[in-house]
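Visitor: Quick one: sequence and predicted model below, then my questions.
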Protein chains: 2
Amino acid sequence: MTRKGVPAIAALIVALVFNGPTHAQEKSVPHVRIAELDIDPAQIEAYKTALTEEVETSIRVEPGVLALYSVYEKDNPTHVRLLEIYADVDAYNTHIASSHFQKNKTGTLSMVRSLRLIETVPILLGAKPR
Amino acid sequence: MTRKGVPAIAALIVALVFNGPTHAQEKSVPHVRIAELDIDPAQIEAYKTALTEEVETSIRVEPGVLALYSVYEKDNPTHVRLLEIYADVDAYNTHIASSHFQKNKTGTLSMVRSLRLIETVPILLGAKPR
């Protein structure tokens, strides 16, 4: 395989994983959730560190955790937003039962001033590797 | 290369693209934006069709458009949310100047009851291809 071929294959894999189930009539449909949090300003850096650790672990060890995008609002740095993409609802349930999720949840309880969870339905999850 | 090696390489590429710039001191930092829209209920299907076409085109033809995730809220199906990931701010500026973006913008003007744009700063953009 040429080096040129690798990104093309990567693109195909991502396209299949992220876009396939929303178009095809497959059993597994990605489970996509949004979380909106307001964090105690005095603890925002500790919160980011804990979140980063939890996201890295989840992506590395959980086959069904496809993406966990975390950002904060430029104009409101204590407003954190997550877009979470799981292979299916079972993968989400596995995630929230995991020890790393529970550790993060317990460890950040005092940092979170408010939390809004929004269940969503994908329209199109368009992504590519470059 | 074994078949087993391909997903690993794909994972690496995605990790580099999505996670690298937020960790390393690189020139290009992903530009991540959120859009929240409320769509006229009578035109929601037409809006989804137009959005899907615009996302597919952007991902296919624009090197700097890394991901455009579009979902609607399960409890409020006219509330559409987008998470947009561009390679950098230049890629975003190229995107909004593109003919397909402008066509979508003009074509859906009458469908959009409200639009909120949120500039964000990545904490961690965690993703993998499987």
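Guide: On my side now, so go ahead.
Visitor: Show the backbone phi and psi for the most centrally placed residue in chain A.
Guide: Centre of chain A computed as the mean C-alpha position; nearest residue by CA atoms, centre = their mean is residue A:68, 1.7 Å away. When read as degrees, to the nearest 10, the backbone of residue A:68 gives phi -130, psi 100.
Visitor: hey, what's it bridged with?
Guide: residue A:84, residue B:126 (DSSP bridges).
Visitor: and if you look at the one 5 residues further on?
Guide: On DSSP bridges, the residues paired with residue A:73 through beta bridges are residue A:76, residue B:120.
Visitor: so how far is residue B:123 from it?
Guide: 11 Å (CB to CB, to the nearest Å). To be clear about C-beta, it is placed using only N, CA and C from the backbone, and glycine gets the same treatment.
Visitor: intersection of neighbour lists for those two?
Guide: Counting by CB atoms under 8 Å, 6 or more residues apart in numbering or on different chains, residue A:73 and residue B:123 have no contacts in common.
Visitor: Chain neighbours aside, what residue packs nearest to residue A:69?
Guide: residue A:83 (4.5 Å; CB to CB, 6 or more residues apart in numbering or on different chains).
Visitor: What count of nearby residues applies to the one you found?
Guide: Each residue near residue A:83 was counted by other CB atoms under 10 Å in any protein chain shown, and the total is 26.
Visitor: isn't it right next to residue B:82, touching?
Guide: No: using CB atoms under 8 Å, residue A:83 is not in contact with residue B:82; the gap is 9.7 Å.
Visitor: Residues that sit against both of the two, list them.
Guide: Between them, residue A:83 and residue B:82 share the contacting residues residue B:69, judged by CB under 8 Å, 6+ apart.
Visitor: ok, residue A:73 and residue B:123, which is more surrounded?
Guide: The neighbour comparison of residue A:73 against residue B:123 (other CB under 10 Å) goes to residue B:123, with 21 against 16.
Visitor: which of the residues in the helix or strand where the more buried one lies are buried?
Guide: Assigned by DSSP states H and E, residue B:123 falls within strand B:112-127. Neighbour counts using 16 or more other CB atoms under 10 Å in any protein chain shown place B:118, B:120, B:122, B:123, B:124, B:125, B:126, B:127 of strand B:112-127 among the buried residues.
Visitor: close enough to count as contact, the fifth one and residue A:72?
Guide: No: between residue B:124 and residue A:72 there is no contact under CB under 8 Å: 11.0 Å.
Visitor: Let me see the mean pLDDT of stretch A:112-119.
Guide: Stretch A:112-119 comes out with an average pLDDT of 98.
Visitor: Who are the packing partners of the longest helix along chain A?
Guide: For chain A, the helix reaching the highest residue count under DSSP state H is reported as helix A:44-61. Counting contacts by 3 or more CB pairs under 8 Å, 6 or more residues apart in numbering or on different chains; DSSP states H and E, helix A:44-61 is packed against strand A:65-73, strand A:76-86, helix A:99-107, strand B:112-127.
Visitor: got these as a markdown table, with distance to residue B:36 columns?
Guide: Putting the helices and strands packed on helix A:44-61 into a markdown table (distance: least, CB to CB, whole Å) gives the following:
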| stretch | distance to residue B:36 |
| --- | --- |
| strand A:65-73 | 12 |
| strand A:76-86 | 11 |
| helix A:99-107 | 26 |
| strand B:112-127 | 4 |
